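**Q** pasting a predicted model and its sequence here:
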Amino acid sequence: MKILSRLSCVSFCIGVFGMGGTGLPEASAQLPTGWKAHDWERERPQVVTPGTSNLPLAAPSDAVILFNGNNLDQWRSSDGGPAKWIIKDEVMESVPGSGYIFSAKSFGDVQLHVEWAAPAKVEGKSQGRGNSGVFLQGLFEVQVLDSFDNKTYADGQAASVYGQFPPLVNASRKPGEWQSFDILFRRPYYQDGKLAQKARFTVMHNGILVQDNVRPLGPTSWLQHKPYEASPEKLPLSFQDHGNPVRYRNVWLRELPPETIIQPEQPYDPVIVSLTKEQQAKIVGKYLRGGGGLWEITQQDGKLFFSVSGTPLELVAHSAEEFGLKYTAGKLTLKYDLSGTPTDLMFYMGGDVSKGTRAE
Ligand code: MG
């Protein structure tokens, strides 16, 4: 596997798949992206030179620090033992042949920051040059590769979701220079063992958007197309040993809450009443706003509207004295005189309350 991985797709594809088929016409078998994996002919992203580096990027207060230069306590080998990568000058380095490393803790949805550098001494080509990888949940690889002036297949270059989605642009820095990935990852969701929602990736490479909310077709893989298979909610992050001494530093993440919508405990308009046309007609009119300005209540198609800065907002009557705003969390109350005409108006909005009085 390792030897083959260093061959270009062209030679490999001819060698393995160029053996001829049955000769029968068959339907095309493109994946949902429209492409098969590792197509040498797939258009390569445009090169964009990133701006001046702002690295290292300090972790925010709620970050889980996975590597800060001191030790590999947060990392394990595939057998659960100590990680076999080395630390040099507060930087961890992949040791060829030592295997992938895995975070000791498991994670679900995360915002991940990783700084990495391909070897300054350029060796190898295509997938054999500065190859490593950041595997979210150990399943989905954001490719680490020296893609600075290094031709490889589009879906395998740096910041690709490997074998599936090329980056939008090639934002690589030179070999040896520190680069960053900022990855927003949403894990796949399963219900009763079946896929309910694919995983999702948004990735910034050196501060430049390279993956825009893409949905992997399944776990990433070399050559194979792997379908989604129910997996635990939380799994370790892993970094790939692909035989090149790629370096990492300043690795941290923020665990994200699931994307649930939290609703207010109390309904906004617990009671909605219909006012008669006569009641509405008495409310319609202008109101002098305390502190200056004019409010207006108007009527149209049997509905009342409250104009704030010229924008009519539909009112929802809770009673003749109290109204909500249809789409905004505001409240309006009226006080009436003995003849049933409003004299005072209170408008509650955004933590403020303003008072108005009926204009003559
Ligand atoms: Mg890789």
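**A** That came through fine. Numbering: from 1, shown residues only.
**Q** so which strand or helix has the residue in the chain positioned nearest to the ion?
**A** Nearest residue of the chain to the ion (C-beta to the ion) works out as residue 133 at 3.3 Å. For every residue, glycine as well, the C-beta is placed using N, CA and C. Assigned by DSSP states H and E, residue 133 falls within strand 132-136.
**Q** listing partners with orientation, what would you give for that strand?
**A** Strand pairing for strand 132-136, determined by DSSP bridges: strand 140-144 (antiparallel), strand 235-239 (antiparallel).
**Q** tell me which of these sits nearest to residue 166.
**A** In terms of C-beta to C-beta, the element of those nearest to residue 166 is strand 140-144, at 9.6 Å.
**Q** rounded mean pLDDT for that closest one, please.
**A** Averaged across strand 140-144, pLDDT comes to 98.
**Q** can you list the residues that contact the helix or strand following that strand?
**A** Note on strand 140-144: by DSSP H and E, the next helix or strand toward the C-terminus is strand 169-170. With contacts defined as C-beta atoms under 8 Å, 6 or more residues apart in numbering, strand 169-170 is touched by 44, 45, 46, 47, 48, 147, 157, 158, 159, 208, 210.
**Q** what's the answer for stretch 91-103, then?
**A** Contacts for stretch 91-103 (C-beta under 8 Å, 6+ apart): 66-67, 69, 72, 74-78, 83-87, 117, 132, 135, 138, 236-249.
**Q** start to end distance for stretch 217-236?
**A** 20 Å (C-alpha to C-alpha, to the nearest Å).
**Q** quick one: distance of it to the chain centre.
**A** 18 Å (C-alpha atoms, centre = their mean, to the nearest Å).
**Q** number of residues surrounding the closest residue to residue 57 other than its chain neighbours?
**A** Leaving aside its chain neighbours, residue 57 sits nearest to residue 113 (6.1 Å; criterion: C-beta to C-beta, 6 or more residues apart in numbering). Neighbours of residue 113 under the rule other C-beta atoms under 10 Å: 23.
**Q** re earlier: pretty sure the residue of the chain closest to the ion contacts residue 140?
**A** No - Residue 133 is beyond contact range of residue 140, at 9.8 Å (criterion: C-beta atoms under 8 Å).
**Q** buried residues in stretch 119-135?
**A** 119, 122, 126, 127, 128, 129, 130, 131, 132, 133, 134, 135 (16 or more other C-beta atoms under 10 Å).
**Q** ok, of these, which one's closest to residue 214?
**A** residue 134 (14.9 Å).
**Q** close enough to count as contact, that closest one and residue 145?
**A** No - using C-beta under 8 Å as the test, residue 134 is too far from residue 145 to be in contact (11.3 Å).
**Q** related to what we said a few turns ago, just the buried members of the contacts of strand 169-170?
**A** The buried subset of those - by 16+ other C-beta under 10 Å - is 44, 45, 48, 147, 157, 158, 159, 208, 210.
**Q** wait, what's in contact with the second one?
**A** It refers to residue 45. So residue 45 contacts 154, 157, 166, 167, 168, 169, 170, 210 (C-beta under 8 Å, 6+ apart).
**Q** ok, of these, which one's closest to residue 342?
**A** Of those, the one sitting nearest to residue 342 (C-beta to C-beta) turns out to be residue 168, at 57.2 Å.
**Q** wait, what's in contact with the closest residue to that closest one other than its chain neighbours?
**A** The shortest distance from residue 168 to any non-neighbouring residue, by C-beta to C-beta, 6+ apart, is to residue 210 (5.1 Å). When contacts are counted by C-beta under 8 Å, 6+ apart, residue 210 touches 45, 159, 167, 168, 169, 171, 203, 204.
**Q** name the element residue 306 belongs to?
**A** Per DSSP H and E: strand 303-308 holds residue 306.
**Q** that strand pairs with which strands, and in what direction?
**A** Checking strand 303-308 against DSSP bridges gives partners strand 294-300 (antiparallel), strand 311-317 (antiparallel).
**Q** adding mean pLDDT and mean neighbour count, write these out as TSV.
**A** Below are these laid out as TSV (pLDDT from 0 to 100; neighbours: other C-beta atoms under 10 Å):
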stretch	mean pLDDT	mean neighbour count
strand 294-300	96	15
strand 311-317	96	16
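**Q** using TSV, lay out these together with distance to residue 184.
**A** Formatted as TSV, these follow (distance: least, C-beta to C-beta, whole Å):
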stretch	distance to residue 184
strand 294-300	43
strand 311-317	35
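**Q** pipe the ones you listed into JSON lines and attach distance to the ion per row.
**A** Listed next are the strands paired with strand 303-308 as JSON lines, based on distance: least, C-beta to the ion, whole Å:
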{"stretch": "strand 294-300", "distance to the ion": "62"}
{"stretch": "strand 311-317", "distance to the ion": "54"}
